[in-house]
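1. no sequence on hand, only this structure:
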């Protein structure tokens, strides 16, 4: 991997960096931003790490997470160089209106936008954390334990701890180096996957009990009653839609969350080539090919039927 | 890692090997056995891979799985050298009564038994597959794609795809080498985690519905009745014991599978430092620190109480 030389010299020459990442941050956004901040500060630079949304509770195990700020109103922004990580337009970071001294972009998402004075975009990188790893090494800085944990978490979340198709031999080698620098895979995995509250798990069981399978589509749901019974809320259902994918014959998992009487927020997850973003858009929603969402207003049974009809019409599941 | 020289010379000198592994085989048992068989056959040896139980359906993605046989009645056993993998007494492989020419043992479980003419026991190895990887390399044989997939699956299953505390930098480096030799992490993960039959998933939901939490221990169970109702069997419960670990406050997950009236096969999974192998051994079982098993003969409620008492006595869960 070749880090652009102009990026390296820019980081060496400049003194103040405003590191920003996308709203609704996950492990790669946070881990790579915090790691870069730690490395630059070790070089004697001044850095700020900004996310418009605060760090979710389950990411507060990341060493240095407390340096992430959600308001920049007290800063003289014009004195800072923006370093935009894990996204490539400032609007994704909620800082569209701000004017920086200059802007650099480090990201692994494909882009057609032309933002940034120095851009390093690597769509093939499994995570922005991989890029920051190479960057820190090329800057000649030590991968400290704190940096290692942040980058390991970044790799772990974006590769599903080495289960997704973006897991390369290079990813595993970098993960091994991060372990040698002090990252603990079990610590990271426990924090990412084993921190559900008991009530969230009870709600999860309730949702599984609603499982219905029709024409290779798995339907599950959570009602407002279930939220009340378990003292949980909408955020506790994150990832619920992914579990029925465990069933071999399932092509689409459709999770229905009741928002009001006869109104359902539907999360769609698909396997392989099936494009659920297209199906969601038929209901005014959207998303990505394998993960999309929409709202359907109808009693549950009717909502199921409506969705199933659209799936049939899309022809995405062969008979 | 140092492979015992006497093991290497024995494998080079001898011609016929009866590779056997434990009953109820999982990915490490099967992957390491098939990989060793493939390597020895590439050296011109004759091998048999034996498991008293047949290969579970969801492990039939392992290349070479069709070489695993479940009956040895037509073989002249005395002509074969036994290679016992991923267990260290022949009884665990259901071949207690057979007499071989000689016996070697390759295993990462702790043992106090004295079986085998040549023994290589490495309790620190994350998987028997790690040991077989070193062995094949020391034998000077190529890690073919078929061998790589088997060993990758072995590592993946025994480290929870690199989430458990036994994941070392060395494990990740070997996994990277196996990828370079042709193993595909997403292929292995899909096969390991997204190929459940619908009836297995139904059984899983039934098991979750039995969840009881007492003193940071999660109890779940499956009865013979549930097997009948869902037309499933013991092999369908693999990994069930791992799921309650998702709950933050749980320290031990104890999954009870009814084998006969008032007899339960108990799978224990723990987090962090809690050694469930010690607790299992109090009931005549064994295993690893974070994954162990035993049999408890009692009605379910009593079995729960007996286990909970031993856990309390062990002092492993602070009040």
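-> Nice, thanks for sending it over. As the structure is a computational prediction, the values presented were derived from the model and not from experiment.
2. show residues contacting stretch A:1-15.
-> The contact list for stretch A:1-15 (CB atoms under 8 Å, 6 or more residues apart in numbering or on different chains) reads A:17, A:40, A:43, A:45-46, A:81, A:102, A:104, A:106, A:118, A:120, A:122, A:130-131, A:134-135, A:138-139, A:170. For the C-beta atoms, the positions are set from N, CA and C on the backbone; glycine is no exception.
3. which stretches in chain A count as helices?
-> A:5-13, A:27-42, A:128-138, A:145-158, A:169-180, A:185-193, A:198-209, A:224-230, A:276-281, A:300-314 (DSSP state H).
4. let's have the ones you listed in TSV, adding mean pLDDT.
-> Rendered in TSV, the data for those read as follows (pLDDT from 0 to 100):
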stretch	mean pLDDT
helix A:5-13	98
helix A:27-42	97
helix A:128-138	98
helix A:145-158	96
helix A:169-180	98
helix A:185-193	93
helix A:198-209	98
helix A:224-230	98
helix A:276-281	93
helix A:300-314	97
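5. could you redo those as a markdown table and give each row mean neighbour count?
-> Below are the helices of chain A laid out as a markdown table (neighbours: other CB atoms under 10 Å in any protein chain shown):
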| stretch | mean neighbour count |
| --- | --- |
| helix A:5-13 | 14 |
| helix A:27-42 | 26 |
| helix A:128-138 | 24 |
| helix A:145-158 | 26 |
| helix A:169-180 | 22 |
| helix A:185-193 | 20 |
| helix A:198-209 | 20 |
| helix A:224-230 | 15 |
| helix A:276-281 | 21 |
| helix A:300-314 | 16 |
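6. how about stretch A:128-136 and chain B, touching?
-> No - figure legend: stretch A:128-136 not in contact with chain B (CB under 8 Å from any CB of the partner chain); closest approach 13.5 Å.
7. give me the number of neighbouring residues for the closest residue to residue A:50 other than its chain neighbours.
-> In space, residue A:50 comes closest to residue A:20 once its chain neighbours are excluded; the distance is 4.4 Å by CB to CB, 6 or more residues apart in numbering or on different chains. Neighbourhood size, residue A:20 [other CB atoms under 10 Å in any protein chain shown]: 28.
8. measure residue A:20 to chain B for me?
-> 30 Å (CB to the nearest CB, to the nearest Å).
9. ok, residues contacting stretch A:312-319?
-> Taking CB under 8 Å, 6+ apart as the rule, stretch A:312-319 contacts A:215-217, A:251-252, A:270, A:273-275, A:278-279, A:282, A:311.
10. which of the residues you listed scores worst on pLDDT?
-> The lowest pLDDT within the contacts of stretch A:312-319 belongs to residue A:273, with 82.
11. pLDDT below threshold where in the stretch 1-150 of chain A?
-> Nowhere does the stretch 1-150 of chain A drop to pLDDT under 70.
12. show me the contacts for the residue in it positioned nearest to chain B.
-> Closest contact between the stretch 1-150 of chain A and chain B, by CB to the nearest CB, is at residue A:58 (9.4 Å). Contact analysis of residue A:58 by CB under 8 Å, 6+ apart lists A:191, A:192, A:195.
13. show me what contacts the first one?
-> If I follow you right, that is residue A:191. By CB under 8 Å, 6+ apart, the residues touching residue A:191 are A:58, A:61, A:153.
14. now the second one
-> Listed by CB under 8 Å, 6+ apart, the contact set of residue A:192 reads A:27, A:58, A:153, A:156, A:157, A:161.
15. determine which two of those are furthest apart.
-> Within the contacts of residue A:192, A:58 and A:161 form the most distant pair, 14.9 Å apart (CB to CB).
16. dump the residue contacts of the residue nearest to residue A:35 when sequence neighbours are not counted.
-> Of all residues not flanking residue A:35 in the chain, residue A:150 sits nearest, at 4.1 Å (CB to CB, 6+ apart). Contact partners of residue A:150, counting by CB under 8 Å, 6+ apart, are A:30, A:31, A:32, A:34, A:35, A:38, A:62, A:63, A:64, A:129.
17. in stretch A:44-61, what's buried?
-> By neighbour count with 16 or more other CB atoms under 10 Å in any protein chain shown, stretch A:44-61 contains the buried residues A:45, A:47, A:48, A:49, A:50, A:51, A:52, A:55, A:59.
18. can you give me the end-to-end span of it?
-> End-to-end distance of stretch A:44-61 (CA to CA, to the nearest Å): 25 Å.
19. chain center to it: distance?
-> Its chain's average C-alpha position is 15 Å from that of stretch A:44-61, according to CA atoms, centre = their mean, to the nearest Å.
20. now stretch A:210-230
-> Distance, stretch centre to chain centre, for stretch A:210-230: 25 Å (CA atoms, centre = their mean).
21. go ahead and name everything in contact with it.
-> A:199-200, A:202-203, A:206-208, A:232-234, A:237, A:240-241, A:244, A:247, A:249-258, A:264, A:300, A:304, A:307-308, A:311-312, A:317, B:198, B:201-202, B:205.
22. and for the residue nearest to residue A:92 when sequence neighbours are not counted, the neighbour number?
-> Sequence neighbours aside, residue A:22 is the residue nearest to residue A:92 in space, at 4.6 Å (criterion: CB to CB, 6+ apart). Residue A:22: 24 surrounding residues under other CB under 10 Å.
23. was I right to think residue A:22 contacts residue A:91?
-> No - in this structure residue A:22 lies outside contact range of residue A:91 using CB atoms under 8 Å: 9.6 Å.
24. relative to residue B:27, how far out is residue A:212?
-> Per CB to CB, to the nearest Å, residue A:212 is found 31 Å from residue B:27.
25. what does residue A:264 give?
-> Residue A:264 is 39 Å from residue B:27, where distance means CB to CB.
26. kindly report the same for residue A:206.
-> To residue B:27, residue A:206 is 31 Å away according to CB to CB.
27. then residue A:31?
-> Taking CB to CB as the measure, residue A:31 falls 29 Å from residue B:27.
28. before we move on, what about residue A:120?
-> 39 Å.
29. again, but for residue A:196
-> Residue A:196 is 25 Å from residue B:27, by CB to CB.
30. what do you get for residue A:69?
-> On the measure of CB to CB, residue A:69 and residue B:27 end up 45 Å apart.
31. with residue A:192 instead?
-> 22 Å.
32. what does residue A:290 give?
-> In terms of CB to CB, residue A:290 sits 26 Å off from residue B:27.
33. what's the answer for residue A:179, then?
-> 22 Å.
34. also residue A:47?
-> Residue A:47 sits 44 Å away from residue B:27 when distances are taken as CB to CB.
35. and residue A:187, by the same measure?
-> Distance from residue A:187 to residue B:27, by CB to CB: 24 Å.
36. rewinding a little: for the buried residues of stretch A:44-61, which one is nearest residue B:114?
-> Using CB to CB, residue A:59 comes nearest to residue B:114 of the buried residues of stretch A:44-61, at 49.8 Å.
37. test my guess that the closest one contacts residue A:68.
-> No - using CB under 8 Å, residue A:59 is not in contact with residue A:68; the gap is 9.2 Å.
38. joint contacts of these two?
-> Taking CB under 8 Å, 6+ apart as the contact rule, residue A:59 and residue A:68 both touch residue A:30.
39. quick one, what contacts residue A:190?
-> With CB under 8 Å, 6+ apart, residue A:190 has these contacts: B:271, B:272.
40. now do 10 Å
-> Applying CB atoms under 10 Å, 6 or more residues apart in numbering or on different chains to residue A:190 gives the contacts A:61, A:184, B:163, B:164, B:165, B:245, B:248, B:271, B:272.
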